[in-house]
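> After the sequence you'll find the predicted model.
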Amino acid sequence: MSNSPSFSKISCSPRVTVIGAGKVGSTLAQRIVEKNLADVVLLDIVSGMPQGLALDLMEARGIELHNRQIIGTNDYADSAESDVVVITAGFPRKPGMTRDDLLLTNAKIVVEAAKKALVHSPHAIYIVVTNPLDVMAYLVWQATGLPRDRILGMAGVLDSSRFEAFIAMELGVCHQDVKAMVLGSHGDLMVPFPRYSTVNGVPITELLDTDTIRRLVERTRNGGAEIVQLMQTGGAFFAPASSTCIMVESILLNQSRLLPAAAYLEGEYGLKDIFIGVPCRLGRNGLESIVELNLTDEEISDLHASAQAVRKQIDRAQEIFAGVRR
Ligand SMILES: NC(=O)C1=CN([C@@H]2O[C@H](COP(=O)(O)OP(=O)(O)OC[C@H]3O[C@@H](n4cnc5c(N)ncnc54)[C@H](O)[C@@H]3O)[C@@H](O)[C@H]2O)C=CC1
Ligand SMILES: O=C([O-])CC(=O)C(=O)O
């Protein structure tokens, strides 16, 4: 059932399917249409819910002044010929849980969603958002058999944006002047890079002392948990939706932006057969290239420690879901 059976690919308007119409998914749908980027298919397993959200968004079009269509549906056929498919379906964590605690519940949901979407959108770029992020992206890559340039995980943009927010708050500077970079896993061992984090080109290592930087790095690593703890039910969704939206935008508009995203590595940074956050250029074909930075021994060692934690969870998933083979 969908709220608009007449919605079809009659125009050359790009189409984005968002699977999971919960907090992140529905906010992302809103961001995409209000930025006038694409028509959106909002898909969820719960009957009536995505249809209601889509109707609500359609009723705001006259005020928000965009012409994008939004349909809500429970049927993957409605997602046909999407240019980008974003997977946000699955459970968020509760206070006291790690993201890895979601592995068992979310793996099946995400793999099934990716396989079903692929039937109808064989040429789409797939962006995974569901946690634990790096492992979910790997399972989607494994289960779909898609080449690595068509599968990305969203986390680095969010983690970097959090680091930027904390730096701007600490220094009392305009947040637009702050650019930061966080790579590695979307977990407790993510790797914020102070050396590559600047205020209008000035590295923060020249503006803040070591202890303060360490405190901001720690707050960034706990950024998701801090919000989960405050909200008690569910986690962050505004910044995650904005972060996903700029990845979608860079792809649809072929902007070739250099954004930190989880990508499948084939030897970059000395890592193989793993999804982890690295600087990626994103354009119309998805992952255009991975930029390899000249890291110090300490930075490389932090990145490898982060990768090792993801590897452990991938191995755990392989044992549990032995049937999910590429
Ligand atoms: N990568 C990142 O940086 C971030 C990841 N997340 C993750 O994104 C996921 C979604 O978070 P929220 O939107 O806050 O959760 P939510 O609970 O608000 O929404 C999840 C939605 O998925 C739907 N769903 C469940 N099974 C489904 C299936 N088989 N097919 C289609 N839809 C299905 C649910 O009905 C629900 O509407 C969580 O795993 C969360 O941890 C959230 C924020 C940031
Ligand atoms: O912390 C969570 O569970 C959700 C998430 O990944 C984030 O906000 O970074």
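Structure's in. What do you need? Ligands and ions are numbered 1, 2, ... in the order given.
> Going by C-alpha atoms from here, please, whenever you check contacts or count neighbours.
Will do.
> separation between Thr27 and Gly96?
Using C-alpha to C-alpha, to the nearest Å, one gets 25 Å for the distance from Thr27 to Gly96.
> Let me fix that, I meant to ask about Leu303.
Noted for Leu303: a distance of 25 Å to Gly96, by C-alpha to C-alpha.
> Which of the two has more residues huddled nearby?
Leu303 (25 against 11; other C-alpha atoms under 10 Å).
> tell me the contacts of that one?
When contacts are counted by C-alpha atoms under 8 Å, 6 or more residues apart in numbering, Leu303 is found next to Leu183, Gly184, Met190, Val191.
> The same query, at a cut-off of 10 Å, please.
When contacts are counted by C-alpha atoms under 10 Å, 6 or more residues apart in numbering, Leu303 is found next to 183-185, 189-192, 269-271, 276-278, 295, 297.
> Same question for Ile300.
Under the criterion of C-alpha under 10 Å, 6+ apart, the neighbours of Ile300 are Val191, Tyr269, Gly270, Leu293, Asn294, Ser306.
> just Leu230 next, same as before
Contacts for Leu230 (C-alpha under 10 Å, 6+ apart) come out as Pro95, Ala236.
> Then Leu139?
So Leu139 contacts 107-108, 110-111, 114, 133, 145, 275, 314, 317-318, 321, 324-326 (C-alpha under 10 Å, 6+ apart).
> how many neighbours does whatever residue of the stretch 201-326 of the chain ends up closest to ligand 2 have?
Ligand 2 sits closest to Gly224 of the stretch 201-326 of the chain, with a gap of 3.2 Å, by C-alpha to the nearest ligand atom. Here the number of neighbours of Gly224 (other C-alpha under 10 Å) works out to 23.
> Check Ala322 too.
The tally of other residues near Ala322 (other C-alpha under 10 Å) stands at 9.
> picking that back up, among the contacts of Leu303, name the ones in strands.
Secondary structure from DSSP state E places Leu183, Val191, Pro192, Ile276, Gly277, Val278 of the contacts of Leu303 in strands.
> Check those and tell me the two furthest apart.
Within the ones in strands among the contacts of Leu303, two members stand farthest from each other by C-alpha to C-alpha: Pro192 and Ile276, at 13.4 Å.
> Now list whatever residues contact both of the two.
Gly156, Leu183, Gly184, Leu303.
> Which residues are in contact with Leu37?
Contacts of Leu37 by C-alpha under 10 Å, 6+ apart are 13-16, 31, 66-68, 245, 248-249, 252-253.
> no wait, His123
Neighbour list for His123: Glu81, Ser82, Asp83, Val84, Val85, Leu146, Arg150, Asn285 [criterion: C-alpha under 10 Å, 6+ apart].
> What's the mean pLDDT across the helix or strand where Val40 lies?
Val40 belongs to strand 39-43 when assigned by DSSP states H and E. Across strand 39-43, pLDDT averages out at 98.
> Quick check: neighbours of that strand in the sheet, parallel or antiparallel?
Applying DSSP bridges, strand 39-43 is found paired with strand 15-19 (parallel), strand 70-73 (parallel).
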